[in-house]
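After the sequence you'll find the predicted model.
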Amino acid sequence: MDTTAKFQTAVEHYQKGNLHEAENICREITLVEPQNIDVIRLLSLLYYQLQNYNLSEEYIQKVLRLVPNDFYAFFLLGNIFHEKGNLVEAITSFQQATLLNPSFADAYYNLGIVLEKNDELDKAITSYKRALDLNPNLADVYNNLGNALYKKKHLDEGIPFLRKALELNPDYILALNNLGTIYKAKNQLDEAIVCFQKVTELNPSSADAYYNLAVVLKDKNQSDKAFILLQKAIKLNPSFSDAYNNLALISDENHRPDEALTYSRKALSIRPDDAEVHWNMSQTLLSLGNFEQGWKEYEWRFKVKDFKHDTFPQPLWNGRPLEGKSIIVTTEQGVGDELMFASCLPEVITQAGLCIIECDKRLIPLFSRSFPKAMATGRLNPGDTYPSDLPSAEMRIFIGSLPKFFRPNLASFPQQGAYLIPDDKKVKNWRKRFSELGSGLKIGISWRGGSKPAEKLARSTVLKQWKTLFSVPGVHFVNLQYGNCTNELMEAREKLGITIHDWEDADPLKYLDDLAAQIAALDLVISVDNATVHMAGALGVPVWVLLPFACDWRWMREYEDTPWYKSVRLIRQKNIGDWDRVFERAASELRQSLTNGSFPMIPHSYKSSLSTKNANKPAFLML
């Protein structure tokens, strides 16, 4: 038998993809030459291609018994372990390949892949960079390196590597997706759109491509375009749960709640335990006044990715009478949520022997004064260990879960006014300061809100949009905006001719007890949707909330008042992005109130859709 010729024939079959023909010839040769290293290597490659990883590993081990320092054998062994999911063994094999051949770029690349999968990102990044040092023309490595840096939240560092991948391969879909994802994370939405748009052009049959583009367009407030793309995505993939979820979000934002619930339920028929869908659906239900079902769905928030919360060992309170027992009410979400849900605390404190309130540390003075029978403590590090320096608690409850027990329907909202008590001495100090401004109303304003990019875009305004309101005579405007706004205040003075009074020792981000006193000393607060309006409402100070067309669930729909606060008046956009009409209406009503002397300006001077006499009428869609 001419084994050399036969082996060459086997190689030719392998190269043409005739794997079984190559396998048969190699097996014939091994009957004559069982130690033929070239044949054994080829068999290991054949079985790897055939996805028979156990047999491929068996032949690789034969190679290593014959040639213990065969770097390529270790490389192939690493690939086999990777395919089998044995990441630690894969890492060891690739590392051995790089030790035996330090110039083997592919080994460093594959080592980076398994290190990344094994959550060893720093080592993976080092390995990818070593591969590029050896071969700077590997588009795949640039892509993986850029994506690994994105996972490390080194967004700016990752962008050049992804751009290099695209320079080497302009139609590299994965790199385009990764680059678009980084741009989206950086809120560079226009750049993200360019990337995702090209992906849809390169791969028009990809549901994911349309979905990614739609999500960014939605963040750009281009909901109509996003809606069309999401419908394309589900046409290509009828089981695309995330697409149905986003269709629900857009429907809800465009005041089509029934349609939103239909899409949410479709998403849940595909993935019944999708926490994000449940949570989004809860907000649609709550906005409709379906509190009983809405609060049940709201409990899914704890299973949403990256939702931080305590996991103390005490059992969760189930709503039964506390009968003098001790309970800790743990905090969650932002300061605005804490302030709003704190309206339920008096009902817990009345029942409990001891109520411990976990809250943002800036709220401790305010909560301690307002709820003297309870104990307020600062936010604790999320975890499952109950702090030893706190009094023992027999049970626990999240503050956002209290409404499930105390606000199951509209009639259950108490007709309470203020439930937070500011520092009287500080209030007097602020009133003295305000009086020095001269006669006229003292109105606090705040013009930016939202924590996420899409929220900020929808909720926030710029001061030049307030020009109509600033033109109302006999008013002193006071700055309540948190964050650095020095330049904005200066621009308002220079370009709008309005002085928005500000004090250096007033910092809403640092001193919430001072903010409470400052607000309590005002005649009125006018603000976009942010924590300031919750503080004013909880203090019982008249506050006008300027709401975008797609507003947060807590403000419900259409109404000018809210069951959460008696002193809150809601002024809503009638069309998406139309702040002009909102400010024109606010200015007109402010002028009228000044003329009529109808102060304090609270919403009960208007016809309320949420008054207790209407509580049992079908004002809401009950599902």
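Okay, I see it.

Tell me who's in contact with the closest residue to Ser343 other than its chain neighbours.
Closest residue to Ser343 apart from its sequence neighbours, by CB to CB, 6 or more residues apart in numbering: Tyr419 at 5.6 Å. C-beta here means a position set from N, CA and C on the backbone, and glycine is covered the same way. Tyr419 makes contacts with 342-343, 345-346, 370, 538, as judged by CB atoms under 8 Å, 6 or more residues apart in numbering.

Check Tyr244 too.
234, 263-264, 266-267, 270, 277.

what about 10 Å?
Residues near Tyr244 by CB atoms under 10 Å, 6 or more residues apart in numbering: 230, 233-234, 238, 262-271, 274, 277.

And it, what's its pLDDT?
Note for Tyr244: predicted pLDDT of 98.

Need the CA coordinates for the helix or strand that it is a member of. PDB is fine.
Per DSSP states H and E, Tyr244 falls inside helix 241-253. Written as PDB, here are the backbone C-alpha positions of helix 241-253 (Å, rounded to 0.1, in the frame of the first residue of the first chain):
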ATOM      1  CA  SER A 241     -40.800  38.500  23.000                       C
ATOM      2  CA  ASP A 242     -38.600  41.600  23.300                       C
ATOM      3  CA  ALA A 243     -40.100  43.100  20.200                       C
ATOM      4  CA  TYR A 244     -43.600  42.600  21.600                       C
ATOM      5  CA  ASN A 245     -42.500  44.200  24.800                       C
ATOM      6  CA  ASN A 246     -41.300  47.300  23.000                       C
ATOM      7  CA  LEU A 247     -44.400  47.500  20.900                       C
ATOM      8  CA  ALA A 248     -46.300  47.500  24.200                       C
ATOM      9  CA  LEU A 249     -44.100  50.400  25.500                       C
ATOM     10  CA  ILE A 250     -44.600  52.500  22.400                       C
ATOM     11  CA  SER A 251     -48.400  51.800  22.500                       C
ATOM     12  CA  ASP A 252     -48.500  52.900  26.100                       C
ATOM     13  CA  GLU A 253     -46.500  56.000  25.500                       C
END
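
list the helices and strands the following helix or strand past that helix packs on?
Using DSSP H and E, the helix or strand that follows helix 241-253 towards the C-terminus is helix 257-270. Applying 3 or more CB pairs under 10 Å, 6 or more residues apart in numbering; DSSP states H and E, we find helix 257-270 packed against helix 223-236, helix 241-253, helix 275-287.

Strands along the stretch 351-500 of the chain, start to end?
Counting by DSSP state E, counting those that start in this stretch, the stretch 351-500 of the chain has strands at residues 354-359, 375-378, 395-398, 441-446, 475-479, 500-501.

Now do the helix holding Tyr244 and helix 275-287, the angle between them.
20 degrees (axes from the mean of the first three to the mean of the last three CA atoms, to 10 degrees).

any idea how far helix 241-253 is from the chain center?
The chain centre lies 15 Å from the centre of helix 241-253; the measure is CA atoms, centre = their mean, to the nearest Å.

quick check: angle from it to helix 223-236?
Using the same axes, to 10 degrees: helix 241-253 against helix 223-236 is 150 degrees.

and Ser103, how far is that from Val32?
36 Å (CB to CB, to the nearest Å).

Return the closest of the contacts of Tyr244 with respect to Gly294.
Closest approach to Gly294 among the contacts of Tyr244 (CB to CB): Ser264, at 12.2 Å.

Wait, the closest one touches Ala248, no?
Yes: if you go by CB atoms under 10 Å, Ser264 and Ala248 touch, sitting 4.4 Å apart.

Which neighbours do those two have in common?
277, 280-281, 284.

which residues sit in contact with Phe434?
440-442, 444, 476, 478, 501, 518, 521-523.

mind putting the residues you listed in CSV, distance to Lys123 included?
As requested, the contacts of Phe434 are exported to CSV (distance: CB to CB, whole Å):
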residue, distance to Lys123
Gly440, 65
Leu441, 63
Lys442, 60
Gly444, 53
His476, 60
Val478, 54
His501, 55
Gln518, 52
Ala521, 57
Leu522, 56
Asp523, 61
